[in-house]
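Visitor: all I have is the shape, not the residue letters:
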């Protein structure tokens, strides 16, 4: 019997491949907003972040690495207001 292929995606922070179901999806919506997609089906250009503590901690945000990585992955220029909103949404997600 054939084994089912597991789709792999790369985390934008640590650059490691993981099964798609283990990752969080970040999406640039058609109206140019950045949202965290919990369903994995939102419309727009998406990228993935693993649930590893080193990738999700506030320290990675403090280093300034996130904004450039997101801009490159989502093919857009991110304003400081958009980035701050995304960061606050991300921190709420981590605290849950």
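Guide: Ah, there it is. Predicted model only: the values in this text are computed from it and were never measured.
Visitor: how far away is the residue positioned nearest the centre of the chain from residue 1?
Guide: The geometric centre of the chain, computed from its C-alpha atoms, lies nearest to residue 26 (Cα atoms, centre = their mean), at 3.7 Å. For residue 26, the distance to residue 1 equals 36 Å [Cβ to Cβ, to the nearest Å]. All C-beta spots, glycine's among them, are computed from the backbone N, C-alpha and C.
Visitor: so where do the helices sit in this structure?
Guide: Taking DSSP state H as the criterion, the chain carries its helices at 53-56, 58-62, 65-74, 80-95.
Visitor: pLDDT below threshold where in the chain?
Guide: Within the chain, the ranges that satisfy pLDDT under 70 run 61-62, 96.
Visitor: rerun that using 80 as the cut-off
Guide: 56-65, 94-96 (pLDDT under 80).
Visitor: on that earlier part again, apart from its neighbours in sequence, what residue is nearest the residue nearest to the centre of the chain?
Guide: Leaving aside its chain neighbours, residue 26 sits nearest to residue 47 (5.3 Å; criterion: Cβ to Cβ, 6 or more residues apart in numbering).
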